[in-house]
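Asks: Okay, here's the prediction I keep looking at, along with the sequence it came from:
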Amino acid sequence: MSPLDISPHLGPLYRDHHRFLHGWLRRKLGCSFEAADLTHDTFLRLLMAPPERCADIAKPRSFLTTIARRVMVDHFRRQALERAYLDVLAQQPEALAPSPEERALLLETLIEIDAMLDRLNPKARQAFLLSQLEGLSYADIALRLDVSVSSVKKYMAKAIEHCLLFQHEH
């Protein structure tokens, strides 16, 4: 079975609009190769979605550009994360620099953590990061976020639950 057999609607969507989407992304990105990659990623995202998501779409081009915009945002976010990671690595003494394999694994892990944190609501994400990265107490986090300590406790419980579920899934 080919991937396009999974959804009877995805094959025609791909056939009829692939060229349009690639052109649209090429104009946005200014690079045919990146546009091809993101076009592929857009259809891959649809392939992984429930089949009914591609059924009876009134405006397929609008639908595809919406999905492609989300894919582009994820792509830019990954690039920014990778640049930040490489900047930190460049500041390390050469003797401490990880091997290319370790760098790839670390970057992949950072991207997964970023995706996981992105699924949290903004206050819970911010509370979690303030706690884990800056070592702030719940009272300090409450002051920083202008919420009660009990709200911070709820945010942290939600964030920790989210991390545990994510870890279990992966």
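Replies: That came through fine.
Asks: quick one: contacts for residue 100?
Replies: By C-beta atoms under 8 Å, 6 or more residues apart in numbering, no residues touch residue 100. Heads up, the C-betas are built off the backbone N, CA and C, glycines and all.
Asks: repeat for residue 82
Replies: residue 107.
Asks: just checking, next helix/strand downstream of the helix or strand where it lies?
Replies: Taking DSSP states H and E as the criterion, residue 82 maps to helix 60-90. Sequence order places helix 100-118 as the next helix or strand after helix 60-90, per DSSP H and E.
Asks: Let me know the angle separating the helix holding residue 82 from helix 100-118.
Replies: Here the directions of helix 60-90 and helix 100-118 differ by 130 degrees (axes from the mean of the first three to the mean of the last three C-alpha atoms, to 10 degrees).
Asks: Buried residues, helix 60-90. List them.
Replies: Neighbour-count burial for helix 60-90, counted by 16 or more other C-beta atoms under 10 Å, picks out 60, 63-65, 67-68, 71-72, 74-75.
Asks: quick check, nearest of the residues you listed to residue 157?
Replies: Of all the buried residues of helix 60-90, residue 157 sits closest to residue 74, with 27.5 Å by C-beta to C-beta.
Asks: Burial check on the residue lying closest to residue 56 once chain neighbours are set aside, number of neighbours?
Replies: Leaving aside its chain neighbours, residue 56 sits nearest to residue 9 (7.9 Å; criterion: C-beta to C-beta, 6 or more residues apart in numbering). Look at residue 9: counted by other C-beta atoms under 10 Å, it has 17 neighbours.
Asks: shaky segments in the chain?
Replies: Scanning the chain for pLDDT under 70 picks out 1-7, 53-55, 170.
Asks: what's the domain layout of it?
Replies: Following automatic domain parsing, one gets these domains for the chain: 1-100, 119-170.
Asks: one step back: can I get the buried residues of helix 60-90 in TSV with distance to residue 161?
Replies: Shown next, in TSV, are the buried residues of helix 60-90 (distance: C-beta to C-beta, whole Å):
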residue	distance to residue 161
60	38
63	33
64	34
65	35
67	29
68	32
71	28
72	30
74	24
75	29
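Asks: which among the residues you listed gets closest to residue 135?
Replies: Using C-beta to C-beta, the buried residues of helix 60-90 come closest to residue 135 at residue 74, 29.6 Å.
Asks: mind checking how far the closest one is from residue 67?
Replies: Applying C-beta to C-beta, to the nearest Å, the value for residue 74 to residue 67 is 11 Å.
Asks: Show the contacting residues for residue 140.
Replies: By C-beta under 8 Å, 6+ apart, the contact set of residue 140 is residue 130.
Asks: which SSE is it in?
Replies: Here residue 140 sits within helix 138-145, counting by DSSP H and E.
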